[in-house]
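J.: Following is a predicted model, sequence given first.
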Amino acid sequence: MVDKIYLFMAPIIIGGKESISSVGGRGVPSIKRAKVVDFLEIKSIEDNFLCAGKLKDYTHYVLEKTDELRNRCLRA
């Protein structure tokens, strides 16, 4: 699980059909269920930015993921 996020932003665009996403997993069913990040620090490095943050409600997130895992194990 993730509790801290590091996001590096550069003034270039890369991508395409076969490119790897910076965020994997199942995603969220709606914007309301999206995880919120509190940015703690933003550093300028030449033409780039490094943003560091933490999940806003990490305790709730861990409990939610623990319940999901427990339910998967019980169904198996």
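T.: Thanks, I have the structure now.

J.: what's around the closest residue to D38 other than its chain neighbours, how many residues?
T.: Excluding its sequence neighbours, the residue lying closest to D38 (CB to CB, 6 or more residues apart in numbering) is K56, at 5.1 Å. From N, CA and C alone the C-beta is placed, and that goes for glycine too. Neighbour count for K56, taken as other CB atoms under 10 Å: 11.

J.: Contact partners for K56?
T.: The contact partners of K56, by CB atoms under 8 Å, 6 or more residues apart in numbering, come to K35, V36, V37, D38.

J.: Need the pLDDT of the first one.
T.: Confidence at K35, expressed as pLDDT, is 80.

J.: How much space separates it from G16?
T.: Separation of K35 from G16 (CB to CB, to the nearest Å) stands at 26 Å.

J.: The two - which one has more neighbours?
T.: More crowded of K35 and G16, by other CB under 10 Å: K35, with 14 against 5.

J.: So the more buried one is in contact with G53, correct?
T.: No - here K35 does not reach G53: they are 10.6 Å apart, not a contact under CB atoms under 8 Å.

J.: now the contacts of K56 as a markdown table including distance to P29 and secondary structure?
T.: Shown next, in a markdown table, are those (distance: CB to CB, whole Å; DSSP: H, G, I helix; E, B strand; the rest coil):
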| residue | distance to P29 | secondary structure |
| --- | --- | --- |
| K35 | 13 | coil |
| V36 | 16 | coil |
| V37 | 19 | strand |
| D38 | 23 | strand |
